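> kindly return the folded structure for what I paste below:
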Amino acid sequence: MKKPSKKDVAFLAIIVVLVAAVATFSALWGVAYQKEKESEVYYNQKCAAFRLDNKHLSQGQIVFIGDSITDYYPLDDFYADLPLSVYNRGIGGDTTSGLLKRLDLSLFALKPTKVSLLIGINDIDTDVPNETLLANYKKILDEIKANLPDAEVFCLSILPVNEDIARYKINCERTTQRVPVVNSAIQTLAEAHDYQFVNLYPLFEDGSHHLIKEYAAGDGLHLSHAGYEVWSAAFKPMLQ
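Got it, this is the predicted structure:
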C-alpha cells in the first residue's frame, strides 16, 4: 500500500477541518433557529393571553411594558399597595419592533394613566443598529403620545449585563459599549415627548459598566429579587 504523501495528508486535514466547520455552523444555526421559533411561539402565546385579559381588566391603571426583564418582574411583590392596579405586559425576547406591533393589544386597549417602558436589550443582542432601534423607539413614543395623550410615561434606561456570572447568549462586550449610548439617546427622545427618563443604570452598574452581581440572576442578564427590590425602591415613589 502506497504511503500518503505530505500533500495528501495536508489535503485530508483541510477536508476534515472544513467538514467540522460546516457541522459546527449547522449546529449553531439550528440552535439559533430553534430559539427564534420558540421566541415567536412565546410571543404569540403572550399576546393571546393579553387579548383574553383585556376583557376583564380595568382601564386607567398602570402598565409595565417591555421584554423579559419586565416579564419576570414580580410586580405584586412591590406594588400591590398602590391605589391603582399594576399590569405586566412584558414578553421575554421582545424587541422594539415586536413591541411596536403589539401596542394596541398590550397597551392602548387598557388606556392606562401611567406607563413604564423598558425595551432595547434584545435589539442590541441581535445586533440591530442603534439607528434602527432608536427609530423604532421614537415610533413607540409617537404612538403612545397619539393614543394616550394624557398618560404619564416613564422611559426606563436599559440595564447593564455581567458575563462573569455565567456566559449568556448576549454579546456582553458589544452590549457594554452600546447601552450607555442608547440610553443617552432614549433620554433625548423621552424629553422631546415630554416624558420622564428614569435612569436606573447607575443603580445597577458596578463601576466597570457591568451589572452588579448581587442584582443579577444566574445568567448575568436578568435580575435577581434583590435587583427588583432596587428597581422598585427607586421607581415606586414616582407612581404614588
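> assign a three-state SS to residue 150, would you?
Classification of residue 150 using DSSP: H, G, I helix; E, B strand; the rest coil returns coil.
> can we start the residue count at 30 from this point?
Okay, residue one is now 30; in that scheme the one you just asked about reads as residue 179.
> now do the same contact list for residue 243.
253, 255, 256 (Cβ atoms under 8 Å, 6 or more residues apart in numbering). C-beta here means a position set from N, CA and C on the backbone, and glycine is covered the same way.
> correct me, but the last one touches residue 244?
Yes: shown here, residue 256 and residue 244 form a contact pair, counting by Cβ atoms under 8 Å, at 3.4 Å.
> shared neighbours of these two, anything?
residue 233.
> thinking again about what came up before, which one of the contacts of residue 243 sits closest to residue 164?
Minimum distance to residue 164 across the contacts of residue 243 is 29.5 Å, recorded for residue 256 (Cβ to Cβ).
> ok so, going back, name the member of the contacts of residue 243 with the most neighbours.
The most crowded member of these is residue 256, carrying 22 neighbours; neighbours defined as other Cβ atoms under 10 Å.
> am I right that that one falls within a strand?
No: according to three-state DSSP, residue 256 belongs to no strand; its state is helix.
> quick one: it from residue 242, how far?
Counting by Cβ to Cβ, to the nearest Å, the gap between residue 256 and residue 242 amounts to 10 Å.
> now, which of the contacts of residue 243 sits nearest residue 207?
Ranked by distance to residue 207 (Cβ to Cβ), these are led by residue 256 at 20.6 Å.
> residue contacts, that closest one?
For residue 256, the contact set (Cβ under 8 Å, 6+ apart) comprises 233, 241, 243, 244, 245, 246.
> one more pass at 7 Å, please.
If you count contacts by Cβ atoms under 7 Å, 6 or more residues apart in numbering, residue 256 has them with 233, 244, 245.
> pLDDT below threshold where in the chain?
Scanning the chain for pLDDT under 70 picks out 30-67, 195-199.
> okay, domains of it per the record?
When the chain is parsed with automatic domain parsing, its domains come out as 30-82, 86-268.
> mean neighbour count, these: which tops it?
domain 86-268 (a mean of 18; mean count of other Cβ atoms under 10 Å).
> could you tell me the end-to-end distance of that one?
Domain 86-268 stretches 19 Å from its first residue to its last (Cα to Cα, to the nearest Å).
> quick one: the nearest residue to residue 71 once chain neighbours are set aside from residue 180, how far?
Spatial nearest neighbour of residue 71, excluding adjacent residues (Cβ to Cβ, 6 or more residues apart in numbering): residue 121 at 6.2 Å. Here residue 121 is placed at a distance of 25 Å from residue 180 (Cβ to Cβ).
> sorry, back to before: isn't the residue nearest to residue 71 right next to residue 99, touching?
No: between residue 121 and residue 99 there is no contact under Cβ atoms under 7 Å: 9.1 Å.
> so who does residue 74 touch?
Contacts of residue 74 (Cβ under 7 Å, 6+ apart): none.
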